[in-house]
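Novice: Starting from these lines, generate the structure:
(one chain, ligands or ions: 1)
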Amino acid sequence: MDSLIAFIVSHWVVIMQGVFIASLMLILWIYLPFFWGSPWVPGPYRVIHRMLELADIKPGQTVIDLGAGDGRIVILAALKFNARAVGVEIDPFRCLIAKIWIALLGLRGKAEVRLGDMRRFPVDGADVVTLYLLQGTNQKLKPRLAESLKPGAKVVSHTFSMSGWTPAVIDTRCGIFVYEIGRMDEEIDTKVY
Ligand SMILES: C[S@@+](CC[C@H](N)C(=O)[O-])C[C@H]1O[C@@H](n2cnc3c(N)ncnc32)[C@H](O)[C@@H]1O
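Specialist: Modelled structure (predicted):
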């Protein structure tokens, strides 16, 4: 014990430098993707489950998660909702974590997370697109989602709305907005939970 204390005291400066650099790297790892669309804030499982429930996914439908993080939406969509789930994530390490989870859970073939930029990721085959990004990023995605998705496809966003579109469903407790392509005008009757 005494030798450990002596070690810490004699290497105090080096230890503090190490802690500082490690903290800086952690902050960068979490917040750097802000510049590409959103920082990494994993969605709580309760909210993710509710997002997928409100999307009313039928078995075999395709779910695309733009900014997939550690793959939790993709994994839950495949595991609990029998969807074909694809995510795209810009951070290689988070993408690797998602791939490892998918392999460990035996979900290869049903779920995948690809390394890439969601701003260029094709969404045309999706029945459901899930988002947990930022307000401004949602706004930038809107024209592409409206153009590429088929009528009836759902866009489910956590926390941030798609301003200018009227949601088909809002869950105020979980902060979820569900939009249906082709039915986003003011006339629709929004279901509020
Ligand atoms: C708020 S997290 C949401 C993660 C996951 N969808 C969830 O609900 O737990 C946003 C994720 O999007 C990723 N991201 C940010 N910009 C991106 C981009 N341009 N392309 C792909 N992923 C991006 C971040 O690295 C981060 O993992």
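
Novice: Count the neighbours of the closest residue in space to Asp171 that isn't next to it in sequence for me.
Specialist: Using CB to CB, 6 or more residues apart in numbering and skipping the chain neighbours, the partner closest in space to Asp171 is Tyr193 (4.6 Å). Quick note: C-beta positions are derived from backbone N, CA and C, even for glycine. As a burial measure, Tyr193 scores 11 neighbours (other CB atoms under 10 Å).

Novice: Also Ala98?
Specialist: Neighbour tally, Ala98, other CB under 10 Å: 27.

Novice: so it, which of the three states?
Specialist: Of the three states, Ala98 takes helix according to DSSP: H, G, I helix; E, B strand; the rest coil.

Novice: That one contacts Gly69, doesn't it?
Specialist: Yes - Ala98 lies in contact with Gly69 (CB atoms under 8 Å); the separation is 7.4 Å.

Novice: sorry, back to before: distance of the residue nearest to Asp171 relative to Ile90?
Specialist: From Tyr193 across to Ile90, the span is 32 Å (CB to CB, to the nearest Å).

Novice: quick check: domain ranges of the chain?
Specialist: Using automatic domain parsing, the domain parsing of the chain gives 2-36, 45-192.

Novice: Show the average pLDDT along the longest one.
Specialist: So that's domain 45-192. Domain 45-192 shows a mean pLDDT of 95 in the predicted model.
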